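A.B. asks: Structural data only, the sequence is not supplied:
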Ligand SMILES: Cc1ncc(COP(=O)(O)O)c(C=O)c1O
């Protein structure tokens, strides 16, 4: 009886508690290629910054804070983004509790039930339940090594128009070192995407947690930097650059959007203690050194994983990501990624089946490939030795699956 008292968004939710997925809960024998956690040795020592925050800034850090966020932190973030080609002031920044929280707020601002939202196929799997809880219709658009297929997007919008259906409300995209594919959108595609969004009046949520986790290659302007008209809401986070446990990120957008988002942000303000710690760390000389270490450690792990996959899983295709945390394997059509992930878990290596990254309802390319022909491997948390061992375990269970 109580079952039908839930909101529509909650009615279909599983009542099973989520399975443990923290690497520390899994025991030393399990290799976590499923984890987007930071490498433990890259978690910075923030003790002195925390101490300063709790002494010199006690009143600020232990009281309620302004909903928009700490002004100095906002100014620092605007400066970082301006060095990266944007033209923002601190008023354009809203501090949030991580990028996922930012995305949820963007949905609260823009999305009504049954609105259409464009996502790539595949897309970031934690974005899918956020959109789903707002009752969206997914419009899945394919991607290749140059990112979202903007011509396919144009066609999808035109097809909706021909059917008398409203255009999508939002385009969600991870343009840099995509999760899960690792692909980085080309500048030409970025410009095309912005042109489409402007012409059609569709907001773009640019989710870019890995932007500074670049190992090589030329930095490509962010969507926000290519956005003269203010159609882009940029989601930033310190999760991948400093530490995910701090739970601090930001939205960069036009002032009129930020003002509305402040009204919708009903959490009493993101933690002023964490904001102060990040700001003090960020403006210290330790920060640029830290970013260099992050890039060096993940570059080494990326290289190790790519080499191991090429050596031990020659059937799997992969494109080498220029940054980020993930490699995306595409296997021949006779190999089932869901089955491979299940067997890998039994063999003590956790990976994520590619099918988890598809929102559903899309028309997949006519090349025989389906969501089940992929798996995602993360190299951020596993040590170089675990990377070799994990790919060996994967190769051992790959044979029986592919036979
Ligand atoms: C595309 C993408 N967005 C957002 C996040 C998480 O951001 P946050 O920890 O700031 O919520 C991740 C982490 O894996 C991610 O891959």
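C.D. replies: Nice, I can see it. Every value quoted in this text rests on a predicted model; they were computed, and no experiment measured them.
A.B. asks: my guess is residue 395 is in a helix, correct?
C.D. replies: Yes. Judged by DSSP: H, G, I helix; E, B strand; the rest coil, residue 395 forms part of a helix.
A.B. asks: Which strands or helices does the top strand by length along the chain pack on?
C.D. replies: Longest strand of the chain, by residue count under DSSP state E: strand 137-144. In terms of contacts (3 or more C-beta pairs under 8 Å, 6 or more residues apart in numbering; DSSP states H and E), strand 137-144 is packed against strand 116-121, helix 150-162. All C-beta spots, glycine's among them, are computed from the backbone N, C-alpha and C.
A.B. asks: Parallel or antiparallel, list what pairs with whichever helix or strand comes after the longest one.
C.D. replies: If I follow you right, that is helix 150-162. Next along the chain after helix 150-162, taking DSSP states H and E as the criterion, comes strand 170-173. Strand pairing for strand 170-173, using DSSP bridges, gives strand 116-121 (parallel), strand 203-207 (parallel).
A.B. asks: what's the angle between the longest one and helix 150-162?
C.D. replies: Yep, that's strand 116-121 we're talking about. Here strand 116-121 points in a direction 150 degrees away from that of helix 150-162 (axes from the mean of the first three to the mean of the last three C-alpha atoms, to 10 degrees).
A.B. asks: Identify the residues contacting residue 182.
C.D. replies: Contact analysis of residue 182 by C-beta atoms under 8 Å, 6 or more residues apart in numbering lists 319, 320, 321, 324, 326, 327, 328.
A.B. asks: Below-threshold pLDDT in the stretch 251-400 of the chain: ranges please.
C.D. replies: For the stretch 251-400 of the chain, the stretches with pLDDT under 70 are 361-369.
A.B. asks: Which residue does it have closest to the ligand?
C.D. replies: residue 325 (7.2 Å; C-beta to the nearest ligand atom).
A.B. asks: Around the ligand, pick out the residues from the stretch 51-200 of the chain.
C.D. replies: 98, 99, 100, 124, 174, 179 (C-beta under 6 Å from any ligand atom).
A.B. asks: which residue ranges form the strands in the stretch 201-350 of the chain?
C.D. replies: Using DSSP state E, counting those that start in this stretch, the strands assigned to the stretch 201-350 of the chain run over residues 203-207, 232-237, 249-252, 326-330, 349-350.
A.B. asks: Any chance of the ones you listed in JSON lines with mean neighbour count as columns?
C.D. replies: Output for the strands of the stretch 201-350 of the chain, formatted as JSON lines (neighbours: other C-beta atoms under 10 Å):
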{"stretch": "strand 203-207", "mean neighbour count": "25"}
{"stretch": "strand 232-237", "mean neighbour count": "27"}
{"stretch": "strand 249-252", "mean neighbour count": "25"}
{"stretch": "strand 326-330", "mean neighbour count": "22"}
{"stretch": "strand 349-350", "mean neighbour count": "24"}
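A.B. asks: Compile these into JSON lines and extend it with columns for distance to residue 63.
C.D. replies: Listed next are these as JSON lines, based on distance: least, C-beta to C-beta, whole Å:
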{"stretch": "strand 203-207", "distance to residue 63": "31"}
{"stretch": "strand 232-237", "distance to residue 63": "24"}
{"stretch": "strand 249-252", "distance to residue 63": "21"}
{"stretch": "strand 326-330", "distance to residue 63": "40"}
{"stretch": "strand 349-350", "distance to residue 63": "42"}
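A.B. asks: closest to residue 401 out of those?
C.D. replies: strand 326-330 (12.4 Å; C-beta to C-beta).
A.B. asks: helices or strands next to the closest one in the packing?
C.D. replies: helix 286-312, strand 374-378.
A.B. asks: Apply 10 Å and report the result again.
C.D. replies: Applying 3 or more C-beta pairs under 10 Å, 6 or more residues apart in numbering; DSSP states H and E, one finds that strand 326-330 contacts helix 286-312, helix 337-346, strand 374-378.
A.B. asks: among the ones you listed, which is the most enclosed?
C.D. replies: Across the helices and strands packed on strand 326-330, averaging neighbours per residue (mean count of other C-beta atoms under 10 Å) puts strand 374-378 on top, at a mean of 27.
A.B. asks: Where do the helices of this structure begin and end?
C.D. replies: 8-11, 47-55, 58-62, 71-83, 99-110, 127-133, 150-162, 187-200, 255-264, 272-282, 286-312, 337-346, 384-402 (DSSP state H).
A.B. asks: Would you tell me which of those gets closest to residue 224?
C.D. replies: It is, among those and with distance given as C-beta to C-beta, helix 71-83, at 7.0 Å.
A.B. asks: Give me the contacts around the closest one.
C.D. replies: 60, 66, 68-70, 86-95, 211-212, 222, 224-225, 234, 236, 238, 248-250, 252, 258, 270, 272, 274-280, 282-283, 287 (C-beta atoms under 10 Å, 6 or more residues apart in numbering).
A.B. asks: before we move on, what about stretch 160-169?
C.D. replies: Contacts for stretch 160-169 (C-beta under 10 Å, 6+ apart): 107, 110-112, 114-119, 134, 136-139, 141, 153, 156-159, 197, 200-203.
A.B. asks: Identify the residue of the stretch 51-200 of the chain closest to the ligand, quick one.
C.D. replies: Closest point on the stretch 51-200 of the chain to the ligand, by C-beta to the nearest ligand atom, is residue 98, at 3.0 Å.
A.B. asks: who's in contact with that residue?
C.D. replies: 104, 209, 235-239, 244, 246-250, 270.
A.B. asks: And it, how close does it get to residue 206?
C.D. replies: From residue 98 across to residue 206, the span is 15 Å (C-beta to C-beta, to the nearest Å).
A.B. asks: nearest to residue 335, of the contacts of residue 182?
C.D. replies: Out of these, the member with the shortest distance to residue 335 (by C-beta to C-beta) is residue 328, at 14.1 Å.
A.B. asks: Would you check that the closest one makes contact with residue 379?
C.D. replies: No. Counting by C-beta atoms under 10 Å, residue 328 does not reach residue 379; the two are 11.9 Å apart.
A.B. asks: okay, and the common contacts of those two?
C.D. replies: residue 321.
A.B. asks: sorry, back to before: what about the residues of the stretch 51-200 of the chain next to the ligand, which one has the most neighbours?
C.D. replies: residue 174 (30 neighbours; other C-beta atoms under 10 Å).
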